[in-house]
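[1] Return a 3D structure for these sequence lines:
(one chain, ligands or ions: 1)
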Amino acid sequence: MRNNKPFSLAAMFLALLFGSASLASAQNRQVLAKAESITGDRFTYSVRTPNGANVYAVNRPSAGMLAAIDRGLTELFAVARKNRYSKNLNFADYSIFIAKADRQKDGQGADSPDIAVGAAQYAGSDYDQGGYIYAAGMVVAFNPLTFVIADHTKNFQRVSDVVRFEGEHLILFHNDRRRYSRTIDHSQGGGHPILK
Ligand SMILES: [Zn+2]
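    Numbers count the residues shown, from 1 in each chain. As a prediction, the model looks like this:
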């Protein structure tokens, strides 16, 4: 998963990212470092979706990916309002990292671009692949609201779903801490959607 880019290139993307106001704070540098540590990727591109969500990506994000992220957040905000949650319902509140997919297909051969992440609380469960698991997405931080997903070249509906699902954890963290705690750990069963 780790790649070895020349140092000069690394310095260049650091300048790119830290040059933007949204990643200027120490807090945001921590979030970037965590996203890199989870994925083993380097996030060279910094863009916004048409609706204003912050996106950091390994490769230049396609229009299809950016539109899918906006659709997923739109669905998330709608279902959050239905549940009477009011905090963090703005596109600009969200930072989404688009990582390289570590696999393209799942164990059954179906298209499933996913990232490989450390097994942690999933160790020994059905998810465990031996120290790591494949995940469609993963929460990186709560302030700013940040998660990582895998890059897709098709099946953008899946991207919208993953955005909505990872966003559910963030919405619950900020709006309903008890429900957040009950639904955070999928190794104990339960999945998405949480909000209906
Ligand atoms: Zn989840």
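[2] Low-confidence bits of the chain, can you list those?
    Within the chain, the stretches with pLDDT under 70 are 1-24, 119-130, 187, 189.
[3] okay, how far is it across stretch 134-154, tip to tip?
    19 Å (Cα to Cα, to the nearest Å).
[4] Test my guess that residue 159 contacts residue 69.
    Yes. Using Cβ atoms under 8 Å, residue 159 makes contact with residue 69 at a distance of 6.7 Å. For the C-beta atoms, the positions are set from N, CA and C on the backbone; glycine is no exception.
[5] Okay, the closest residue to residue 62 other than its chain neighbours and residue 71: tell me how far apart.
    Leaving aside its chain neighbours, residue 62 sits nearest to residue 153 (7.4 Å; criterion: Cβ to Cβ, 6 or more residues apart in numbering). Distance, residue 153 to residue 71, using Cβ to Cβ, to the nearest Å: 17 Å.
[6] And these two? Which one has more around it.
    Between residue 153 and residue 71, counted using other Cβ atoms under 10 Å, the more crowded position is residue 71 (19 against 12).
[7] quick one: which helix or strand includes that one?
    helix 63-82 (DSSP states H and E).
[8] Distance from that helix to the middle of the chain?
    Helix 63-82 sits 13 Å away from the centroid of its parent chain (Cα atoms, centre = their mean, to the nearest Å).
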